[in-house]
Structures are given as C-alpha cells and as structure tokens.
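Engineer: 3D model of this:
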Amino acid sequence: EFVNPFTDVLHGACRKQSGRNWNCELRGTAFADLLACTPEGLKWRTSLTYTYRRVAMEELEAYFGGPLRNFALPRYVIDKTLSNWLHIPQIKIMFPQAKVILVERDLLDTAASQFVTTYPTSEGLQKFSLPHIASMFELFSKTMATWRDVLGDDQWLTVRYEQLTRFPEQELRRIMSYLELEPQETCLDFHRSSDKVWTSSSQEVSRPLYGTSIGRGALYRDRICAEPRLAATIC
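Structural biologist: Residues are numbered from 1 along each chain as shown. Purely as a prediction, here's the structure:
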C-alpha cells in the first residue's frame, strides 16, 4: 500500500512552524544555516527537530482525518513530488527513517524534456520557458551543493537515468538494497498496472522501460543553447 501525503504534510508543518513561507519556498541556505555546526545552528537544532516531528504528526492526522491509531496505515509512504530536493533536511528531520532517491539525467536531455512537455497546473496547461529551465538548473545545483556540505551525500541514493534504462535489473537491485526491500519481478511490470495516472508521464508509464529518449536533447541543442545560461552550463 502506498499513499502520497508528504507534500501536504510538509507545507502544513512549514506554515505552522514558521508562520510564513520561507521554509516552504527555500531558496538558499536559511534552513542549512540552522542545521550547520554553528552556535546558532546548535541552539535551534534540538527544538526544530522536536517541533517539526510534532507538527508533522499533526498534519498526518489532519490528512487521514483523525488520530493515526484509528487507521490501518500503509507500511510505506512514497512521494514523488519533483521539488522534494528543496526539502531534504526537513524530510530527514520529520521522518528520520526516510529514504531519498535522487535521479539524475543528462542535462541537455533534461532541458529538452522540460521544454517540450506541457504540465497541468492550477492555472491550466503550462510549458516551461528556457530562462525558467535555466533558473531551475541553477537553483538545483546551488541547493544540492548546500545539502552536500551540511548533510553529506550519504543521505540519499543517486541513480543515473541512463544506467537505469540500460541496466534495469542491476540498478533495481541497488535501489531495493538501499530501501532494504527484497527485489520483485513485478518492479519491471509497472506498465501492466491498471491504476489511473494523471501526471504528464501517463503515456510513458503505460510502456515497458525504454531508453529511446537518451540523446534526444541533441535534436533541440541549437534552440536550447541559444539561452546563454543554459549554454554556459550544458552546451
């Protein structure tokens, strides 16, 4: 059984803890500063840990509609929200046993995928502009560098998209080992599921694992590299 409450829990906890939005929309080192080994960081670390865990439990109970003891809760909770990398320290504080998997992909292929995909939003369908993609790349690089300095890179498992598609059995064994789960043959049969998929990847997940998108970014290289910040990063 799997549920996906973390996004609601995180943002609810952020609002209750801070009374404002700085934790929910982390854009630098504010949270990292509190966790760093400085007098100010040490002062706040214990209280933050307790408060975030308490508020997280409150938000979970609100999500499920009552005290958790009244529910047969799922054994595993999975959240695939794309912005989770912004909140790795908060995740680790609220859910100390959480396992984080970071999937990395060739940057040119990633930029091309973002550029040609239309995403559903609360304001309707939306496409990302190249300047927006460049800003997200820069934010991701800066934020992950901060988390590596503060937490160390042993707090998550990095998986290369290309390796996963070329050697799926090998990579899945590595992933399942990290999750402390036994590998199952059905892991590669996700495309046979009858569950409804409402995300922009609905067509992709109805097919077996494939690697034909590797190198696709080359088709859009000239267009993508016309954006100066992307050109400096990936071209």
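Engineer: what's the distance between the residue nearest the centre of the chain and Trp147?
Structural biologist: The structure's the chain has its C-alpha centroid closest to Asn84; by C-alpha atoms, centre = their mean the separation is 3.4 Å. As defined by C-beta to C-beta, to the nearest Å, Asn84 lies at a distance of 12 Å from Trp147. Any C-beta I mention is one placed from the backbone N, CA and C, and that applies to glycine too.
Engineer: also Ile93?
Structural biologist: 13 Å.
Engineer: and if you look at Gln114?
Structural biologist: Counting by C-beta to C-beta, the gap from Gln114 to Trp147 is 22 Å.
Engineer: show me which of the two is the more surrounded one.
Structural biologist: Comparing Gln114 with Trp147 by neighbour count (other C-beta atoms under 10 Å), the higher total belongs to Trp147, at 23 against 18.
Engineer: related to what we said a few turns ago, hang on, the residue nearest to the centre of the chain packs against Phe95?
Structural biologist: No: with contact defined as C-beta atoms under 8 Å, Asn84 does not reach Phe95; the gap is 11.5 Å.
Engineer: helices along the chain, start to end?
Structural biologist: Counting by DSSP state H, the segments of the chain that form helices are 6-18, 30-35, 39-64, 88-94, 107-116, 130-151, 161-166, 168-178, 221-224, 228-234.
Engineer: tell me how many other residues crowd Phe190.
Structural biologist: Neighbours of Phe190 using other C-beta under 10 Å come to 14.
Engineer: tell me the contacts of the closest residue to it other than its chain neighbours?
Structural biologist: Leaving out its chain neighbours, the residue that sits closest to Phe190 by C-beta to C-beta, 6 or more residues apart in numbering is Val205, at 6.2 Å. Residues counted as contacts of Val205 (C-beta atoms under 8 Å, 6 or more residues apart in numbering) are Phe190, His191, Ser193, Val197.
Engineer: and Val205, how far is that from Ser194?
Structural biologist: To Ser194, Val205 is 12 Å away according to C-beta to C-beta.
Engineer: what sits against Pro208?
Structural biologist: Neighbour list for Pro208: Leu188, His191 [criterion: C-beta under 8 Å, 6+ apart].
Engineer: same question for the one 10 residues further on.
Structural biologist: If a contact means C-beta under 8 Å, 6+ apart, then Ala218 has Leu108 as its contacts.
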